[in-house]
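Participant: Quick check, what structure comes out for this input:
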Amino acid sequence: MKIIVGLGNPGLRYRHTRHNAGFMAVELLAKKHRMSLKKKGFGGRYAVGRIKGEEVLLFEPMTFMNLSGDALASICSSRLDEENGLLVITDDVDLPLGKIRIRKNGSSGGHNGLRSIIDRIGSDFARLRIGVGDEKLLVTDTADFVLSRFPRKDKGVLNECLEAAAECAETWLSESVEKAMNAYN
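Facilitator: Model (predicted):
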């Protein structure tokens with residue numbers, strides 16, 4: 001079984017913030033494939049189903065971002081049964097809004113959620129970054145920025161970006177990370 005994880009912070013306060021772009025992408029995948037993220041366990045909520053003929057578990061850690069690794073360690077030790085079977089979807093302030101980038105593995109890039117995961121399970125997993133950056137970030141505190149909601153004017157670009165992220169995750173799932181990289185980077 002493959003696992004697709006969306007990173008974010010739990011609670012209504014953080015819903016629809018830039019830091020929850022990973023949650024938004026996983027929720028879109030669940031909706032597209034008629035899966036319900038209602039099962040609870042492993043420090044989060046999840047759904048199991050089939051996407052593009054592959055058995056997949058969609059997962060949202062209900063820990064805060066900086067503790068994402070705790071939930072991932074739990075679910076991966078229990079449910080991950082194939083090499084290269086984990087994709088983590090997260091926000092990235094260094095990418096402009098509307099851009100996505102998928103990689104086979106790598107560093108945290110300064111992202112605390114990814115850092116937590118790498119500390120717990122290592123860095124050998126694919127990651128899909130959703131651009132949430134803005135030129136105004138240069139004069140804004142990064143923490144305040146990622147915890148802010150998207151302005152109304154950016155909703156169209158955000159929705160297109162989330163759709164591209166969902167399609168990229170489907171390509172990773174049914175084909176390979178290399179095919180997804182070639183098609184979406």
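
Participant: what's near enough to touch residue 157?
Facilitator: Neighbour list for residue 157: 97-98 [criterion: C-beta atoms under 8 Å, 6 or more residues apart in numbering]. Where C-beta positions appear, they are placed from N, C-alpha and C, glycine not excepted.

Participant: Residue 142 versus that one, what's the distance?
Facilitator: Counting by C-beta to C-beta, to the nearest Å, the gap from residue 157 to residue 142 is 20 Å.

Participant: Same question for residue 30.
Facilitator: According to C-beta to C-beta, residue 30 and residue 142 sit 29 Å apart.

Participant: One more: residue 149?
Facilitator: On the measure of C-beta to C-beta, residue 149 and residue 142 end up 16 Å apart.

Participant: ok, now residue 107?
Facilitator: Distance from residue 107 to residue 142, counting by C-beta to C-beta: 17 Å.

Participant: and what of residue 49?
Facilitator: Distance, residue 49 to residue 142, by C-beta to C-beta: 35 Å.

Participant: Run a quick neighbour tally on residue 35.
Facilitator: As a burial measure, residue 35 scores 20 neighbours (other C-beta atoms under 10 Å).

Participant: From the contact counts, what lies against the host helix or strand of residue 69?
Facilitator: Taking DSSP states H and E as the definition, residue 69 sits inside helix 68-79. Packing partners of helix 68-79 (3 or more C-beta pairs under 8 Å, 6 or more residues apart in numbering; DSSP states H and E): strand 2-6, strand 44-51, strand 54-61, strand 86-96, helix 112-121.

Participant: Can you say which of these is packed in most?
Facilitator: strand 2-6 (a mean of 26; mean count of other C-beta atoms under 10 Å).

Participant: Just want the angle from the following helix or strand past that strand to helix 112-121.
Facilitator: The helix or strand immediately downstream of strand 2-6 is helix 21-32, counting by DSSP H and E. Calculated by axes from the mean of the first three to the mean of the last three C-alpha atoms, to 10 degrees, helix 21-32 forms an angle of 80 degrees with helix 112-121.

Participant: Okay, now the sheet partners of the next helix or strand after helix 21-32, with direction.
Facilitator: As assigned by DSSP H and E, the chain's next helix or strand after helix 21-32 is strand 39-41. Strand 39-41 has the following strand partners under DSSP bridges: strand 44-51 (antiparallel).
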